[in-house]
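1. What follows is a predicted structure for the sequence shown.
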Amino acid sequence: MPEALALALIFVISGFTMSFAGFGFALVSVPLLALLLPVKEAVALQFPYCLALFLYQAWHYRDRLDWKLMKPLVLGTALGLAIGTFMLYHLSEVTLKRSLAVFIVAVVIFNLIPAGQSFMARHAQSPWWGRFCGFITGSFFGAYTIGGPPAALYITSVTDDPLKAKSFLASFFSVQFVIIAFFYGYAGMFSWEGLKTTLIFSPAVAAGSALGFWAFAHASNRLYRRVVSLMLLATAVMLWWRA
């Protein structure tokens with residue numbers, strides 16, 4: 001398969017995932033792109049799409065944003081970025097990534113069993129659950145830019161509304177990606193040549209995103225939650241394997 005066609009297919013799949021689930025563009029695109037490109041080029045190539053989709057979804061679902069749900073996670077993330085990142089650099093990357101994988105699997109399975117569902121129904125609304133997930137998100141996002149799974153676990157445990165979940169994730173990560181864009185730009189990761197290459201595959205991302213929005217509009221709440229759970233489990237497997 002020619003490289004250009006492979007890249008286009010990767011962006012179609014990534015755009016679909018992002019538009020349906022509300023997160024996962026980088027989780028899908030970066031590992032696949034890294035099979036064809038150096039990791040740094042893979043990150044830089046997909047970053048503008050990821051940022052643009054988050055910003056668009058934040059605007060598109062702005063009426064469904066519940067700031068009260070975001071507050072605990074934001075507070076926890078700030079603490080995680082300040083303290084967790086420092087702690088992360090004193091442990092090996094293998095230990096950290098596999099610990100995150102175990103955490104994701106444990107919470108997903110816990111949410112599937114009756115006892116876990118009953119427990120989460122009683123305690124998920126506690127601000128401390130949000131702060132804990134925020135701390136994990138901030139820590140891993142600050143060190144490895146892997147922050148989506150804990151945030152998704154949090155929002156799907158406190159609301160059954162997919163629109164509210166997508167609005168939350170889009171707004172939350174838009175802020176973080178805007179901040180990281182400045183750091184990436186300062187580090188010289190972006191170039192005009194790279195941005196021109198990114199624009200070439202815009203139709204593929206647009207097509208995948210359109211399919212994702214269509215599928216989301218026709219999916220039930222139960223199907224949405226199941227897809228998110230499967231994505232999280234796949235992410236955990238990928239983290240464990242890549243570690």
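-> Thanks, I have the structure now.

2. First-to-last residue distance for stretch 23-43?
-> End-to-end distance of stretch 23-43 (C-alpha to C-alpha, to the nearest Å): 16 Å.

3. Next, the buried residues of that stretch.
-> Under the neighbour-count criterion of 16 or more other C-beta atoms under 10 Å, stretch 23-43 has 23-33, 37, 42-43 buried. Glycine gets a C-beta too; all of them are placed from N, C-alpha and C.

4. what about the helices in the protein?
-> Along the chain, the stretches classed as helices by DSSP state H are 3-21, 25-33, 39-60, 67-79, 85-88, 93-112, 114-123, 127-144, 148-158, 162-186, 192-200, 202-217, 221-242.

5. Kindly provide the distance from the closest residue to residue 151 other than its chain neighbours to residue 20.
-> The shortest distance from residue 151 to any non-neighbouring residue, by C-beta to C-beta, 6 or more residues apart in numbering, is to residue 137 (4.9 Å). For residue 137, the distance to residue 20 equals 21 Å [C-beta to C-beta, to the nearest Å].

6. Ok, residue 79 next?
-> 31 Å.

7. Also residue 204?
-> 16 Å.

8. can you check residue 170 too?
-> Residue 170 is 13 Å from residue 20, by C-beta to C-beta.

9. picking up where we left off before, which of the helices of the chain has the lowest average pLDDT?
-> Mean pLDDT is lowest for helix 85-88 among those, at a mean of 61.

10. In contact with the spatially most central residue of the chain, which residues?
-> Geometric centre of the chain, nearest residue: residue 148, 3.2 Å, by C-alpha atoms, centre = their mean. Applying C-beta atoms under 8 Å, 6 or more residues apart in numbering to residue 148 gives the contacts 23-24, 26-27, 137, 169, 173, 235.

11. Quick one: neighbours of the nearest residue to residue 49 once chain neighbours are set aside, just the number.
-> Spatially, and ignoring its direct neighbours in sequence, residue 49 is nearest to residue 205 (5.0 Å; C-beta to C-beta, 6+ apart). Residue 205 has 27 neighbours, counted by other C-beta atoms under 10 Å.

12. do the same with residue 10
-> 25.

13. Let me see the contact set for the nearest residue to it once chain neighbours are set aside.
-> Nearest non-adjacent residue to residue 10, counting by C-beta to C-beta, 6+ apart: residue 32, 4.7 Å away. Contact analysis of residue 32 by C-beta under 8 Å, 6+ apart lists 10, 13-14.
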